[in-house]
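Asks: Curious how this folds, go ahead:
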Amino acid sequence: MEMIIKGSTWIKLQMTNFRKYSYLLSLLVKRNIVMKYRGSALGVLWSLLEPLLNMIVLTIIFSTLFQRDLPNFPLYLISGRLMYTFFQVSTSTAMKSIITSAQLLKKVYIPKYMITLSKVISSFVIFLVSMIDLIFVMLITKAKFTGYLVFIPVYLILFLIFIAGFGLILATLATFFRDVEHLYDVFTMMLMYFSAIFYPVDIIPENYRSLLLLNPVYHYIQGFRQIVYYAEAPEIMNLASCFVLSIVTLSIGLVVFKRNQDKFMLYL
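Replies: As a prediction, the model looks like this:
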């Protein structure tokens, strides 16, 4: 009972601090976006062109392999690719957030979790811009626009929460162990091939499909595709899994980050 009271008190305190520094968070998000496109001739336009160009190249390569299984391969590909790219980019930048902000943290007081969250949120804003590509592909390929599309924000918010929690864990680990950055590149590459982005799930033998279920990112991609690609209502079990994954991961991320943040300055 005492632990529950302490936990609820800590959560209330963090919510108060979050509201107090919300304006600072918005400034950090804007700064991250500006820094990302500084010196770029195309700027934000590249966020629209890059997914489309990747989709065209990968469609040419993979559509000949899976054309019988996936009738609208461009939509299947881009719906998974956009979700996974958001995960990869946002978690990678979140992982390095404390290290790259060392000079700022040494000069002024900023709640350290704000640095990490700003990286995730700025990636989310760019991801939302790239969603224009998804709408474009749906229009070009004459995909179905159903009422189930209203569930898209639900999956995106749950995915954002999951990534925020995972990013806090990575930021903590990378601050103490710099080799995590190199290992994470290998991890994300392996995770990509276990997310069914380029291929239909049906080609995997049933004995090995359980490996996909161990990949949390796959659940979000599959739920998102259920709405966008298959034009069907989201599955209750999938939605419940994504909800639980998001809450649990964020909770773990907050606890891990809170317990170790006072030691960060010793490693910067």
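Asks: centre of the chain versus the helix or strand hosting residue 116, how much separation?
Replies: Using DSSP states H and E, residue 116 falls within helix 112-140. Relative to its parent chain, helix 112-140 has a centroid offset of 9 Å by C-alpha atoms, centre = their mean, to the nearest Å.
Asks: Return the list of helices and strands in contact with it.
Replies: Here helix 112-140 touches helix 22-37, helix 45-66, helix 73-95, helix 97-100, helix 102-107, helix 152-176, helix 236-260, going by 3 or more C-beta pairs under 8 Å, 6 or more residues apart in numbering; DSSP states H and E. C-beta: built from backbone N, CA, C; applies to glycine.
Asks: ok, 6 Å please
Replies: Contacts defined by 3 or more C-beta pairs under 6 Å, 6 or more residues apart in numbering; DSSP states H and E place helix 112-140 against helix 22-37, helix 45-66, helix 73-95, helix 97-100, helix 152-176.
Asks: Let me know the average pLDDT across the shortest one.
Replies: Per-residue pLDDT over helix 97-100 has a mean of 92.
Asks: could I have it exported to CSV, CA atoms only?
Replies: The C-alpha trace of helix 97-100 is given here as CSV (Å, rounded to 0.1, in the frame of the first residue of the first chain):
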residue,chain,number,x,y,z
SER,A,97,19.7,12.5,-26.7
ILE,A,98,21.4,12.8,-23.3
ILE,A,99,24.9,12.3,-24.8
THR,A,100,24.5,14.9,-27.5
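Asks: contacting residues around that helix?
Replies: 115, 116, 119, 171, 175, 264 (C-beta atoms under 6 Å, 6 or more residues apart in numbering).
Asks: Out of the residues you listed, flag the one nearest to residue 62.
Replies: residue 119 (31.1 Å; C-beta to C-beta).
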